[in-house]
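**Student:** below are the sequence and a predicted model; questions follow.
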Amino acid sequence: MRYVPFTTIQDLAAVPEYAAECVSGDEKPCGEKSGEHTHPEHVEEWMRRHTQETRHQNYRRTFTDFAIMAPSELEPARVARVKA
Ligand SMILES: [Zn+2]
């Protein structure tokens, strides 16, 4: 079996996801969620509104992107074709 080296590359065809969750609260975190957004500004806007309404100020933010394990010998142009 031949060893094929792989390289991790970001899948630019898949839209990354941004989200936030309110973790304010002493005993039990608020838990309110922004939902998934395709732009960080939308999450920030949600946080701004939530803070205005509740005075909650602590958030857990997540960012998700998608990756491709591509054989290192492939040219970037070929990676796109393999994926399609
Ligand atoms: Zn909250």
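**Tutor:** Cool, got the structure.
**Student:** how about the secondary structure of residue 9?
**Tutor:** strand (DSSP: H, G, I helix; E, B strand; the rest coil).
**Student:** show me where the chain has its helices.
**Tutor:** All helices of the chain, identified by DSSP state H, fall at 40-54, 76-83.
**Student:** which of those comes out lowest on mean pLDDT?
**Tutor:** Ranked by mean pLDDT, the helices of the chain bottom out at helix 76-83, with a mean of 58.
**Student:** show me what residue 10 is bridged to.
**Tutor:** Partner residues in beta bridges with residue 10, using DSSP bridges, are residue 67.
**Student:** can you give me the domain assignment for this structure?
**Tutor:** Under the assignment automatic domain parsing, the domains of the chain span 1-14+66-84, 17-64.
**Student:** quick one: contacts for residue 34?
**Tutor:** Residue 34 sits next to 19, 20, 21, 42, 43, 46, 47, 50 when contact means Cβ atoms under 8 Å, 6 or more residues apart in numbering. Where C-beta positions appear, they are placed from N, C-alpha and C, glycine not excepted.
**Student:** closest to residue 71 out of those residues?
**Tutor:** residue 19 (32.1 Å; Cβ to Cβ).
**Student:** you'd agree the closest one is up against residue 37?
**Tutor:** Yes: with contact defined as Cβ atoms under 8 Å, residue 19 counts as touching residue 37 (6.6 Å).
**Student:** what is in contact with those two at once?
**Tutor:** With Cβ under 8 Å, 6+ apart as the test, residue 19 and residue 37 both reach residue 43.
**Student:** tell me the confidence at the residue nearest the centre of the chain?
**Tutor:** The centroid of the chain falls nearest to residue 64 when counting by Cα atoms, centre = their mean (2.0 Å). At residue 64 the predicted local confidence, pLDDT, stands at 96.
**Student:** enumerate every residue touching it.
**Tutor:** Residue 64 makes contacts with 16, 17, 18, 19, as judged by Cβ under 8 Å, 6+ apart.
**Student:** and which of those residues is nearest to the ion?
**Tutor:** Nearest to the ion out of those is residue 19 (Cβ to the ion; 14.2 Å).
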